[in-house]
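Chemist: Have a look at this fold, sequence not included:
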């Protein structure tokens, strides 16, 4: 008669054998956590980075970027990155926020999305937030 401890040991050995037979091509990584080439070198080191909802809620400063103007490329980047990562619930969430055309609602959705995705994708989105928040457009005046 086989004891329960022996059954557990046999099952453990069998599971180990199956796992050791898997090749990397059989184990597909979660697209939300896939890294891009050179991604480890890119990091946001901005100490003043704010949640997007907070940043979008601040009044525009004269001579600096217009939050509403820069929101379109930010949103397009988010949509592309989320689509590439096959993060369908987050794509839908951002689309719904975008339909409201309310800056704070869109910013809130962007912040929530970053809390829901894998670390690699969160890092990419955060770097883009940093880029948007620190962007200083050149002002050309014809005289």
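Modeler: Here it is on my side, so go on. This is a predicted model, so every value here is computed, not measured. Residues are numbered from 1 along each chain as shown.
Chemist: Kindly tell me how buried residue 103 is, as a neighbour count.
Modeler: 17 (other CB atoms under 10 Å). C-betas here are computed from N, CA, C, even on glycine.
Chemist: what residue ranges in this structure score low on pLDDT?
Modeler: The chain contains residues with pLDDT under 70 at 1-46, 63, 138-143.
Chemist: Please enumerate the strands of it.
Modeler: Ranges of strands in the chain, per DSSP state E: none exist.
Chemist: ranges for the helices of this protein?
Modeler: With DSSP state H as the criterion, the chain has helices at 4-21, 52-57, 67-84, 88-100, 103-116, 119-134.
Chemist: okay, the angle between the fifth one and helix 67-84?
Modeler: Taking axes from the mean of the first three to the mean of the last three CA atoms, to 10 degrees, helix 103-116 and helix 67-84 form an angle of 30 degrees between their directions.
Chemist: Contacts for helix 103-116, please.
Modeler: With CB atoms under 8 Å, 6 or more residues apart in numbering as the test, helix 103-116 has contacts from 51-57, 67-68, 71, 74-75, 78, 82, 87, 89-90, 93-94, 96-98, 100, 122, 125-126, 129.
Chemist: List the buried residues of that helix.
Modeler: Of all the residues in helix 103-116, those buried under the rule 16 or more other CB atoms under 10 Å are 103, 105-114.
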